[in-house]
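S.K.: I need the structure of the sequence given here:
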Amino acid sequence: MHRKIAVVAFLFTGVLLAAFTQHPGHYPDNATQTQSGPRERRVQKKIFSQLESFRDYVRDTLYGEVSKTEVDTQRVRQAFLKSRLLFKAFEWAAAYFAADLTDRLNGPPVQEIENADLLDPSMARAIDPMGLQVIEELIYPQYDAAAREELIREVGHLVTNTEYLVSYFADHPLARWRILDAAKLEVFRIITLGITGFDDALSLNSMEESAVSLESLRDVLSRYLNQDKRVSLLQHLDAAIEYLRQNPDFDSFDRAAFITRFANKISTGIARLEQGLPGPRIKYNRMLRQEVSTLFDPGAFNVDAFSPGPEFHLTDAKVALGEKLFYDAALSGTGTRSCASCHKPNLAYTDGLPKPADIHDPEKPLVRNVPTLLNAALQSNYFYDMRALTLEDQIRDVIGNQQEMDGSMDAILNHVSADPSYQSLFAQAFPATAGKGIRPDEVTNALASYIRSLTKLNSRFDEYMQGKEDALSGQELKGFNLFMGKAKCATCHFIPLFNGVTPPKYVMSETEVLGVPVSTADSTLDPDRGYYDVIGIDSYRNAFKIPTVRNILKTAPYMHNGAYQTLEEVMEFYDKGGAAGLGINLPNQTLPEDSLQLTEPEKADIIAFMKSLESK
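M.R.: Here you go, the predicted model:
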């Protein structure tokens, strides 16, 4: 069983969340109506028909099987797998146009909370899981007879929630630019989630499900292709579908080959169709840029997506100012510690220690390990306990923390205001307020801008995915395929960011309950309760943000408490099943409790691959 805890991010420069939740009929500039014609109505009709087929099959067949007094486990599983395939046929549209409703059909089998709850944790409430993934856990790896009533109830919810989707698609016009955008995101969903077993972690029918998704896209895209473009894109789709069908085994599937030979070509073909569309369209402010051709394009991710607003966006002048502030020990209350004291560039902006020292007592370690700042902009929450929503919030917290910097914003403002070089840099970085006095938000935004400039998705792995076939060795490719498959690493560390922000929309940040021990010498549970102390919901006890594994070679020691010095130790912990493998009783553990059954050569291959993620 593999479960994660998701936190829904909401600070997307004011536009992103609205863009995802408004329905097509309410977009400005008639962006939907002017691009909704006969083809779009036929697409809508097809989606509607697929939804009805799913609903009817679940109601008439799956529900019938789970309701029998004498349940035939094999028949239940067959009906379940068929239901999932019927769902995959319309997933591309449902997940794009009605994401909240679709989560009720195939959302993660764990409680979720809104990120907005961080503004007032006392109002936090958990949203109970439901849908296909919950049902899967009731019938795999064995049918749970004691949970028969729960299974019947969950299948009933599936029928009811599908009715809501049927109603939605019955009267909402679809714009062609949104249809193509949704199709491209589905290709990205297949790459990052579909072929990794993310949402069918126990049944592992991933390749057939991905093939069905692509078949549905083929039908839709064929309506928008002229003769010149038809052959190329449809050939790529047909080849990808055939490859999936000919290689159905989950563990041995060559994901590197599938992505580079087929999926990247399909998404590029869809992007070309998008570029040729006339008429208005909405410009989303989402982290994955709307115009990308593949997930691996240089500059594919928007470093400003999680900033508080447009006025906080990165500029060269802000970066120059932020860099000077980053190395200035005068920001600390003692004048002895700068940001760079704990975030050293030669260590991927970490410090190489299990935990940094208290600024007032070098013999007293702080609570948690120092995370890397490389690519820190490409996530929605900060600190291991997720308590800060933006980099600006994180910086403000660190400066004022009595153990970390013990600084005062008033003292910092006095310091920079009295320095002519700072006065000049602030005037260049914030010209709208030049001569009006330096503000606290300008200090934190300049530092945040410098950190946002440390986004470097330029490893050998990135080069390989961009077409440089010799960028990775044979061992590293084996490691990538294990990372994406048998080892299940990619179901938490999502490509290409390798952190916990869930593709393809990159909106939700996920946490994980692993059960990390105090140390290699003390296998009792680390007492740090993580996100639970922020949000106060039991399912989040001992939950921590999923960090990136990019630049992992330079960021030891590992885990939130620095418990493991080597990647080999980390691999052993995961392979044995986290806390369960150490004999720790942790009922809300989200890491699979069973051993991954990785061989020593396989572990070495995975480590070799992770080392290829070093930024240049």
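S.K.: mind checking the end-to-end distance for stretch 396-413?
M.R.: Between the start and the finish of stretch 396-413 there is a gap of 13 Å, counting by Cα to Cα, to the nearest Å.
S.K.: buried set for that stretch?
M.R.: Going by neighbour count (16 or more other Cβ atoms under 10 Å), the buried part of stretch 396-413 is Arg396, Asp397, Val398, Ile399, Glu404, Met405, Asp406, Gly407, Met409, Ile412, Leu413. Bear in mind the C-beta positions are built from the backbone N, C-alpha and C, glycine included.
S.K.: and the residues you listed, which two are furthest apart?
M.R.: Greatest spatial distance in the buried residues of stretch 396-413: Glu404 and Leu413, 19.1 Å, computed using Cβ to Cβ.
S.K.: just the ones of the buried residues of stretch 396-413 in strands?
M.R.: Among the buried residues of stretch 396-413, DSSP state E puts none in strands.
S.K.: from what I see, Gly530 and Arg368 are in contact.
M.R.: No. Gly530 is not in contact with Arg368 according to Cβ atoms under 8 Å; the separation is 9.1 Å.
S.K.: of these two, who's got more company?
M.R.: Under the criterion of other Cβ atoms under 10 Å, the comparison of Gly530 against Arg368 puts Gly530 first, with 25 against 20.
S.K.: for that one, which non-adjacent residue is closest in space?
M.R.: Phe544 (4.5 Å; Cβ to Cβ, 6 or more residues apart in numbering).
S.K.: following the helix or strand that contains that neighbour, which helix or strand comes up?
M.R.: Using DSSP states H and E, Phe544 maps to strand 544-545. Going down the chain from strand 544-545, the next helix or strand is helix 567-576, by DSSP H and E.
S.K.: outside of that following helix, which residues touch it?
M.R.: Applying Cβ atoms under 8 Å, 6 or more residues apart in numbering, the contact partners of helix 567-576 are 487, 489, 514, 516, 520, 552-553, 556, 558-559, 564, 581-582, 591, 595-598, 603, 606-607, 610.
S.K.: and with 6 Å instead?
M.R.: Tyr558, Tyr564, Ser595, Leu596, Leu598, Lys603, Ile607 (Cβ atoms under 6 Å, 6 or more residues apart in numbering).
S.K.: nearest spatial neighbour of the first one, chain-adjacent residues omitted?
M.R.: Which is Tyr558. Nearest to Tyr558 is Tyr564, by Cβ to Cβ, 6+ apart, at 4.6 Å.
S.K.: wait, what's in contact with Lys456?
M.R.: Neighbouring residues of Lys456 by Cβ under 6 Å, 6+ apart: Leu374, Ser615.
S.K.: would you agree Glu463 falls within a strand?
M.R.: No. Using DSSP: H, G, I helix; E, B strand; the rest coil, the assignment for Glu463 is helix, not a strand.
S.K.: what's the distance between the closest residue to it other than its chain neighbours and Thr260?
M.R.: Once flanking residues are discounted, Glu463 sits nearest to Ala471: 4.0 Å by Cβ to Cβ, 6+ apart. Look at Ala471 and Thr260: by Cβ to Cβ, to the nearest Å, they are 11 Å apart.
S.K.: cool, Glu469 as well?
M.R.: Glu469 sits 8 Å away from Thr260, going by Cβ to Cβ.
S.K.: the two: who's more crowded?
M.R.: The neighbour count for Glu469 versus Thr260, taken as other Cβ under 10 Å, is higher for Thr260 (18 against 8).
S.K.: show me what contacts that one?
M.R.: For Thr260, the contact set (Cβ under 6 Å, 6+ apart) is empty.
S.K.: do the same with Glu392
M.R.: Glu392 sits next to Thr444, Asn445, Ala448 when contact means Cβ under 6 Å, 6+ apart.
S.K.: can you check the pLDDT for it?
M.R.: On pLDDT, Glu392 comes in at 98.
S.K.: look up the closest residue to it, ignoring the ones flanking it.
M.R.: In this structure, Glu392 finds its nearest non-sequential neighbour in Thr444, 4.4 Å apart by Cβ to Cβ, 6+ apart.
S.K.: number of residues surrounding that neighbour?
M.R.: Neighbours of Thr444 using other Cβ under 10 Å come to 26.
S.K.: how near is it to Thr599?
M.R.: From Thr444 to Thr599 the distance is 48 Å (Cβ to Cβ).
S.K.: surely Pro504 is in contact with Ile190?
M.R.: No. Checked against Cβ atoms under 6 Å, the pair Pro504 and Ile190 is beyond contact range at 9.0 Å.
S.K.: of the two, which one has the most company?
M.R.: Each of Pro504 and Ile190 has its neighbours counted (other Cβ under 10 Å); Ile190 has more, 30 against 22.
S.K.: continuing past the lowest-mean-pLDDT helix or strand in the chain, what's the next helix or strand?
M.R.: In the chain, no helix or strand scores lower on mean pLDDT, DSSP states H and E than helix 16-21, which sits at a mean of 35. Next helix or strand after helix 16-21 toward the C-terminus (DSSP H and E): helix 38-57.
S.K.: can you give me the strands in the protein?
M.R.: Under the criterion DSSP E, the chain carries strands at the ranges 5-8, 112-114, 357-358, 361-365, 508-512, 544-545.
S.K.: buried deepest among those strands, which one?
M.R.: Each of these was assessed for mean neighbour count using mean count of other Cβ atoms under 10 Å. The highest is strand 544-545, with a mean of 26.
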